[in-house]
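K.L.:
can you look at this prediction? I've put the sequence above it.
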Amino acid sequence: MLNLLKYGKFFGNNKKGGLRPAFFIEKQKAFIATIEVIFIMTAISCGPGALEYYEAKAVSYLEKKENTKAEKTAQQGIKKYPAAAEFYVVLGRSMLMRGENEKALDYFSKAMILDSLNAQAVMYTGAAYYNMNDVRAAEYLESSLKMDSGLKEAAVILGMHYLKNEKIKEGSDLLNKASSQYIKRGELDKAEELTMQVFHRNPSDPKMLINSEDMF
């Protein structure tokens, strides 16, 4: 479900224009299609009246960049389940994708009021602050990783934040680890994006060099 380039400006598009072997592109398309099927099947299995139905449906729309539908579905979920933080996270993510960071923060704040242990709300709060060049980004990103160490998005954004703030080793370590994971999954565009970020700031980093070799 980690389509990292969709959540805001903190991962800018790859400008190099490099081509990838066709089978990697097809593998990525197949992966995204599989995830969409999982979301749809989850929604169907839960039934149209269940909280999980609305959440799965809203997230599926987000993954397809159908923000208006995602927002409408989340609002429907809120009407039925006003205490569910997940729908405010969906709305906040949609605002991030639209570049409206202040509105995103409002939604994430509501989510955290409803559920202070919602790691995604904390993570995306950090993402919004990162977009705004606010030093509070690190606090929220670090907190989200303490709540859930498996949040790859949080590790990547935190790594970018560290590099931006001259914490070169810490940032390089986080991005190299994420890049290695993407290489293993065949998601080479994402791996290359992170590897290049490390290269620009730490060109002699040994793990970055290993990742570069593994991609080609």
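P.N.:
Arrived safely, thanks for sending.
K.L.:
so what's residue 141 up against?
P.N.:
Residue 141 makes contact with 123, 126-127, 130, 154, 157-158, 161, according to Cβ atoms under 8 Å, 6 or more residues apart in numbering. C-beta: built from backbone N, CA, C; applies to glycine.
K.L.:
just residue 120 next, same as before
P.N.:
Residue 120 is in contact with 89, 144, 151, counting by Cβ under 8 Å, 6+ apart.
K.L.:
ok, these vs residue 189, which is closest?
P.N.:
Of all these, residue 151 has the smallest distance to residue 189: 20.5 Å, by Cβ to Cβ.
K.L.:
next, the closest one: phi, psi?
P.N.:
phi -80, psi 90 (degrees, to the nearest 10).
K.L.:
with residue 205 instead?
P.N.:
Main-chain torsions, residue 205, degrees, to the nearest 10: phi -60, psi 120.
K.L.:
host element of the nearest residue to it once chain neighbours are set aside?
P.N.:
Spatial nearest neighbour of residue 205, chain neighbours left out: residue 172 (5.1 Å); criterion: Cβ to Cβ, 6 or more residues apart in numbering. Element membership of residue 172, judged by DSSP states H and E, is helix 168-184.
K.L.:
likewise residue 62?
P.N.:
Per DSSP H and E: helix 51-63 holds residue 62.
K.L.:
what packs against that helix?
P.N.:
helix 22-46, helix 67-80, helix 85-98 (3 or more Cβ pairs under 8 Å, 6 or more residues apart in numbering; DSSP states H and E).
K.L.:
between the last one and helix 67-80, how many degrees?
P.N.:
Interaxial angle of helix 85-98 relative to helix 67-80 (axes from the mean of the first three to the mean of the last three Cα atoms, to 10 degrees): 160 degrees.
K.L.:
give me the angle between the helix or strand following helix 85-98 and helix 85-98.
P.N.:
Note on helix 85-98: by DSSP H and E, the next helix or strand toward the C-terminus is helix 101-114. With the same axes, to 10 degrees applied, the angle from helix 101-114 to helix 85-98 works out at 170 degrees.
K.L.:
give me the mean pLDDT for helix 101-114.
P.N.:
Predicted confidence along helix 101-114 averages 97 (mean pLDDT).
K.L.:
which strands or helices does it pack on?
P.N.:
Against helix 101-114 (3+ Cβ pairs under 8 Å, 6+ apart) you get helix 85-98, helix 119-131.
K.L.:
just to revisit the earlier point, looking at the contacts of residue 120, which has the most residues close by?
P.N.:
residue 89 (30 neighbours; other Cβ atoms under 10 Å).
K.L.:
and it, how far is that from residue 200?
P.N.:
Taking Cβ to Cβ, to the nearest Å as the measure, residue 89 and residue 200 are separated by 32 Å.
K.L.:
select, out of the helices and strands packed on helix 101-114, the one closest to residue 109.
P.N.:
helix 119-131 (7.5 Å).
K.L.:
which parts of the closest one are buried?
P.N.:
119-131 (16 or more other Cβ atoms under 10 Å).
K.L.:
so that helix versus helix 101-114, what angle?
P.N.:
Using the same axes, to 10 degrees, the direction of helix 119-131 lies 150 degrees away from that of helix 101-114.
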